[in-house]
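**Student:** Below is the structure, and that's it, no one-letter string:
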C-alpha cells in the first residue's frame with residue numbers, strides 16, 4: 001500500500017515530464033549530435049511523375065523543401081486523426097509519410113561561445129519537394145481535399161493535391177461514355 005501511494009505521488013510530480021516521452025523520436029540511434037545536411041535542393045519535373053500514390057486515393061505532395069520537428073509532426077498527426085474516425089467499420093485510412101530521425105542541438109541561453117556542441121534539443125526531418133506527405137483511402141473526395149487544404153495552411157509550404165483516379169468527362173454532344181473513373185485500391 002505504501003509503495004502504491006509512493007508510485008501515485010511520483011507519477012503526479014513527474015506528469016509534466018511525461019509529455020516529453022510522447023513526442024516522436026527514433027528508438028535506436030548511434031549519435032545524438034550530428035551535423036546538418038547542407039544540400040542544394042533542386043529537382044526535376046520527372047520526380048513528380050515517378051512519385052505516385054502508394055496506398056490511398058488522394059494525397060498531398062510538397063512543392064518546396066521543409067523541415068518538420070517532432071512536435072509539429074505529432075500535432076499534424078493529431079489533426080489527421082479526425083479524418084480516420086470510426087475506421088474499424090468505415091475502412092478509412094490515413095498514411096503520414098514522415099518521421100523525425102535527425103537531431104537538433106542547442107546551447108542554453110546565456111552561455112558563451114565554445115565549450116563544445118550543445119545538448120540535444122529536438123528531433124526533426126527534412127522533406128524534399130515531390131514527396132507525398134499524406135495519403136487518404138476510403139475518404140470522400142470533398143473531405144480529403146478539405147484535410148489537404150487545412151494541412152497546407154498548417155505547413156506553410158506550397159503543396160499540390162493529387163489523386164489516383166483518372167477522370168474523363170464527356171465531350172459536348174456525346175451522351176454515351178458519360179463518365180469513366182479508374183481508381184487503384
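**Tutor:** Everything's here; your move. Please read all numbers here as calculations on a predicted model, not as lab measurements. Numbering: from 1, shown residues only.

**Student:** contacting residues around stretch 115-122?
**Tutor:** 23, 32-33, 69-71, 100, 103-108 (CB atoms under 8 Å, 6 or more residues apart in numbering). No exception for glycine: its C-beta is placed from N, CA and C like everyone else's.

**Student:** Which of these ranks first by neighbour count?
**Tutor:** The member of the contacts of stretch 115-122 surrounded by the most neighbours (other CB atoms under 10 Å) is residue 100, with 23 neighbours in all.

**Student:** For the protein, give me the ranges with low pLDDT.
**Tutor:** Judged against pLDDT under 70, the low-scoring parts of the chain cover residues 1-22, 37-51, 165-185.

**Student:** Which parts of it are strands?
**Tutor:** 58-62, 66-69, 93-96, 102-106, 119-127, 132-137, 159-163, 166-168, 180-182 (DSSP state E).

**Student:** export those to JSON lines and tack on distance to residue 153?
**Tutor:** Converted to JSON lines, the strands of the chain look like this (distance: least, CB to CB, whole Å):
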{"stretch": "strand 58-62", "distance to residue 153": "12"}
{"stretch": "strand 66-69", "distance to residue 153": "14"}
{"stretch": "strand 93-96", "distance to residue 153": "17"}
{"stretch": "strand 102-106", "distance to residue 153": "24"}
{"stretch": "strand 119-127", "distance to residue 153": "17"}
{"stretch": "strand 132-137", "distance to residue 153": "14"}
{"stretch": "strand 159-163", "distance to residue 153": "10"}
{"stretch": "strand 166-168", "distance to residue 153": "26"}
{"stretch": "strand 180-182", "distance to residue 153": "29"}
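
**Student:** So for residue 85, which of the ones you listed sits nearest?
**Tutor:** strand 93-96 (10.2 Å; CB to CB).

**Student:** What helices and strands are in contact with the closest one?
**Tutor:** Where contact means 3 or more CB pairs under 8 Å, 6 or more residues apart in numbering; DSSP states H and E, strand 93-96 is packed against helix 70-80, strand 132-137.

**Student:** Output these in TSV, with distance to residue 52 appended to each entry.
**Tutor:** Output for those, formatted as TSV (distance: least, CB to CB, whole Å):
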stretch	distance to residue 52
helix 70-80	21
strand 132-137	8
